[in-house]
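**Student:** Have a look at this prediction, sequence included:
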Amino acid sequence: MVKTIAKERVDEITKQTAEPAWLKESRLKAFESYLKIPTPCNRDENWRRTEVDALDLSTLNVVVSDSKEKSAAKEPAVVTEALSHLGKNLPYIYTTPQSVEIGNADSALLSKGVIFCSLKTALAQHADLLSKYLAPENLPTPDFAQNDKFYLMNQSLFNCGAFLYVPKNVILESPVLNVLSSGVETSIALFPRVIIIVEQGAKAEFVNICTADKTKAADASESLSLVNSSIETYVGANGNLSYLDVSDFSSNTFAVSRVYNEVRKDGSLHASTVALGGWQIKSDIQTNLKEPGSKSDIRGVVLGSGSERYSFNTIQDHISPDTTSTINFRVALKESSSSAYLGTIRVSKEAQRTDSYQSNKNLLLGSNAHADSIPKLEILADDVKCAHGATVGPADKEQIFYLMSRGLSLLEAEELIVTGFFRQVVQSCPVDGAGDWINALVADKIHS
Amino acid sequence: MAAQEPLLKIEDLWVSVEGKDILKGVNLTINPGEVHAIMGRNGSGKSTLSYTLMGHPRYSINRGSILFKGEEIGDLPPDERAKKGLALAFQYPVAIPGVSVSNFLRASVKAVRGKEIPVKEFRQELKAQMALLEVKDEFLSRYINDGFSGGEKKRLEILQMTLLKPALAVLDETDSGLDIDALKVVSSGINTLATKETAVLLITHYQRILNYVKPDFVHVFQSGQIVKTGGSELSEELEERGYDWVTQELTPSGVA
Ligand SMILES: Nc1ncnc2c1ncn2[C@@H]1O[C@H](COP(=O)(O)OP(=O)(O)OP(=O)(O)O)[C@@H](O)[C@H]1O
Ligand SMILES: [Mg+2]
């Protein structure tokens, strides 16, 4: 199915918002490419184990909220929960299909020229700054810009999101939060876009949360919603960004996200992504190590249950010499959930002395759970350190016996093993308190 | 008053692993509070017996029975056996990366005792036992057996036994791989464990542990059976004369 999104949607967006001319141009260009590109299907390598056919775009209601952002009246529960681990009174943006709220905007974090606001506000107030990243001639060219229908869909239709700008040498010691809740709506399409810019010598922490009001979760097959996000991060020379993404969508959400990270000379990026729910989550993460000495450390935690499907593609693109990247992706699957991981390490001819590491471990808990893991190496330089490894299998029987011999039930033993499996990758997450928070989220989902 | 019921009564137990018979008719009775030692050659089936008692799914019981507190436990999963008061200190404890010792100990004690223990109370109890076994605090935040030395693993096993206070503790070579000081510490741990409430089945290769922990009975294990039973003097004799002596005694012609 996947029918197409009508051109009027793009026109609506460009009309409703007072956007700069270059952005309209950019949207229309993306839409033209979007129309030309064939719809993906699960025979495509990148779309293995997804059920993209089930999506009928023509029935989706594209949310175009033109409401102005306002100060939050009351802290949403999801924010309170996150802040109880990450630190009180951190600035946050809370977006729903109906409204955009800003909380703790008076935080001392948002001084010294730091900008943290909704993307809409940023486009109205800081258009020149944004044009350096969003104008057609300045757009990045990750793999998915060439041929990915969903990425182009977002580029033409994005209608909410957040912007963080940290000027040169400014250090943010605590994270800012961007929360998107798709609420209780069904049959909607949301196109968030998040832009994070950490200038030379600056440091920032950013927490991105996608959630839904699950109290009235709808039946997946009947009223699918689409959340199609684009996240772009730019880390300047000697800059440092810690990014944490937590996705816990409702069971009727088809969530597609495209993450593009760019790291400059001696800069470093740490990004953790935690996927805990949704009908299907399809995520591509490309990290371009653009200049010598740049580093990236990407971690993934995926806990599937029911018939959820996860598909992650990561690309570690070593463009310059002396660059370092590590990826640790851990997936645990209950019941008949499934996951496909495709990990590409790319080393250009110039990128000598690259040090690259990729690990993907899959724990199959359900007897009908399934995981694929495919490493892909495209190495053109000759002086390279590159290691990769993948495992797929059930929980270790001797570990289970050990725990059960000490009184734990099979279920309790498995839970402990799964939390341990994830703890190894989240414990050292540089965002303070994130490790414990993720452990708690994982424990919640295992118990549910 | 009725005669005291045995704590454990194993009768004609036949067990196989992957189709291969390992235990071939084990008989053993342990009364509450008794200390039994099992000695025997490598590969004679001692660990197989301990795994079978605890309910490892790999071992299938083909004949015979295991009565614990008068009840057949052969079909029970390991956690239910643990809750009935059976515990096993492993010869080769596995590492569980990512799971901290303190989290695990709390979960385990809670499960076996069947109730939540107040954090403070548990801490106190734990600290006391740790002091006794000279286990350093830092072990609590480490992952279970992950990167532990052989001796450290054995200490942690004994620590768990003393916390769980089972009716029967099966200690599978808990004295192997220990240095002289550690042997003293672990032995005194076993001594505090062996009370009227806790019977001990001590699988060992060495007589020296029996200098610390006096067994009421010593059994010789051979080819999947208990072939000889005696008092603590038997272990000394074994140490002196080796297992061949038992074999010869059993087959007077000297031909097995
Ligand atoms: N999973 C298995 N597959 C095949 N054979 C096995 C398996 N487990 C045990 N055995 C065999 O059963 C026999 C008894 O082993 P067991 O571990 O019980 O000996 P043990 O008396 O504890 O020896 P040790 O003193 O060396 O610890 C050995 O021959 C061993 O190889
Ligand atoms: Mg053994």
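**Tutor:** Structure's in. What do you need? Ligands and ions are numbered 1, 2, ... in the order given.

**Student:** wait, isn't residue A:402 in contact with residue B:92?
**Tutor:** No - using C-beta atoms under 8 Å, residue A:402 is not in contact with residue B:92, being 10.1 Å away. Placement of C-beta: from N, CA and C, glycine included.

**Student:** Look at those two and report which has more neighbours.
**Tutor:** Using other C-beta atoms under 10 Å in any protein chain shown, the more surrounded residue of residue A:402 and residue B:92 is residue A:402, with 24 against 12.

**Student:** Quick check: residues of chain A near chain B?
**Tutor:** A:396-399, A:401-410, A:412-413, A:416-417, A:419-424 (C-beta under 8 Å from any C-beta of the partner chain).

**Student:** For ChimeraX, write the selection for the buried entries among these.
**Tutor:** Buried subset of these, written as a ChimeraX selection, criterion 16 or more other C-beta atoms under 10 Å in any protein chain shown:
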select /A:398,399,401,402,403,404,405,406,407,408,409,412,413,416,417,419,420,421,422,423,424
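
**Student:** which one is residue B:99 nearest to, not counting chain neighbours?
**Tutor:** Distances taken as C-beta to C-beta, 6 or more residues apart in numbering or on different chains place residue A:420 nearest to residue B:99, at 3.8 Å, with adjacent residues excluded.

**Student:** got the contact list for that neighbour?
**Tutor:** Taking C-beta atoms under 8 Å, 6 or more residues apart in numbering or on different chains, we find residue A:420 in contact with B:96-99, B:143.

**Student:** Would you reformat the residues you listed as CSV and include neighbour count and pLDDT?
**Tutor:** As requested, the contacts of residue A:420 are arranged in CSV below (neighbours: other C-beta atoms under 10 Å in any protein chain shown; pLDDT from 0 to 100):
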residue, neighbour count, pLDDT
B:96, 24, 96
B:97, 15, 93
B:98, 23, 93
B:99, 25, 95
B:143, 19, 96
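
**Student:** Any chance of CSV for these, columns distance to residue A:56 and secondary structure?
**Tutor:** Below are those laid out as CSV (distance: C-beta to C-beta, whole Å; DSSP: H, G, I helix; E, B strand; the rest coil):
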residue, distance to residue A:56, secondary structure
B:96, 46, strand
B:97, 44, strand
B:98, 42, strand
B:99, 44, strand
B:143, 48, strand
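
**Student:** nearest to residue B:12, of those residues?
**Tutor:** residue B:96 (35.8 Å; C-beta to C-beta).

**Student:** count of neighbours near the spatially closest residue to the closest one that is not a sequence neighbour?
**Tutor:** Residue nearest to residue B:96 in three dimensions, not counting chain neighbours: residue B:144, with 4.2 Å by C-beta to C-beta, 6+ apart. Look at residue B:144: counted by other C-beta under 10 Å, it has 25 neighbours.

**Student:** Flag the shaky bits of chain B, pLDDT-wise.
**Tutor:** B:1-3, B:250-256 (pLDDT under 70).

**Student:** If we use 90, what do you get?
**Tutor:** Chain B contains residues with pLDDT under 90 at B:1-5, B:116-117, B:119, B:175-177, B:180-182, B:205-214, B:232-256.

**Student:** Over to the stretch 151-300 of chain A?
**Tutor:** A:159, A:182-189, A:212-225, A:250-252.

**Student:** SS state for the residue in the stretch 151-256 of chain B that chain A sits nearest to?
**Tutor:** At 6.6 Å from chain A, residue B:160 is the closest residue in the stretch 151-256 of chain B, using C-beta to the nearest C-beta. Counting by DSSP: H, G, I helix; E, B strand; the rest coil, the backbone at residue B:160 sits in helix.

**Student:** Quickly check: the helix or strand containing residue B:27 near ligand 1 or not.
**Tutor:** Assigned by DSSP states H and E, residue B:27 falls within strand B:20-30. Yes - against ligand 1, strand B:20-30 shows contacts by C-beta under 6 Å from any ligand atom at B:20, B:22.

**Student:** can you map out the helices along the stretch 101-250 of chain B?
**Tutor:** Secondary structure of the stretch 101-250 of chain B by DSSP state H, counting those that start in this stretch: the helices cover B:101-113, B:119-132, B:138-141, B:150-164, B:180-193, B:209-212, B:233-250.

**Student:** ok and the residue in the stretch 51-200 of chain A nearest ligand 1?
**Tutor:** residue A:51 (41.4 Å; C-beta to the nearest ligand atom).

**Student:** about what we covered before: indicate which one of the helices of the stretch 101-250 of chain B is closest to residue A:363.
**Tutor:** Nearest to residue A:363, of those and by C-beta to C-beta, is helix B:101-113 at 18.1 Å.

**Student:** and the nearest residue to residue B:207 once chain neighbours are set aside, how many neighbours?
**Tutor:** Spatially, and ignoring its direct neighbours in sequence, residue B:207 is nearest to residue B:239 (4.1 Å; C-beta to C-beta, 6+ apart). Neighbourhood size, residue B:239 [other C-beta under 10 Å]: 14.

**Student:** Okay, residue B:239 and residue A:7: tell me how far apart.
**Tutor:** For residue B:239, the distance to residue A:7 equals 92 Å [C-beta to C-beta, to the nearest Å].

**Student:** picking that back up, how close does the residue of the stretch 51-200 of chain A closest to ligand 1 get to residue B:22?
**Tutor:** 49 Å.

**Student:** Between those two, point out the one with more neighbours.
**Tutor:** More crowded of residue A:51 and residue B:22, by other C-beta under 10 Å: residue B:22, with 20 against 15.

**Student:** In contact with that one, which residues?
**Tutor:** When contacts are counted by C-beta under 8 Å, 6+ apart, residue B:22 touches B:15-16, B:45, B:48, B:59, B:224.

**Student:** Let me know the closest of those residues to residue A:88.
**Tutor:** Using C-beta to C-beta, these come closest to residue A:88 at residue B:59, 54.1 Å.
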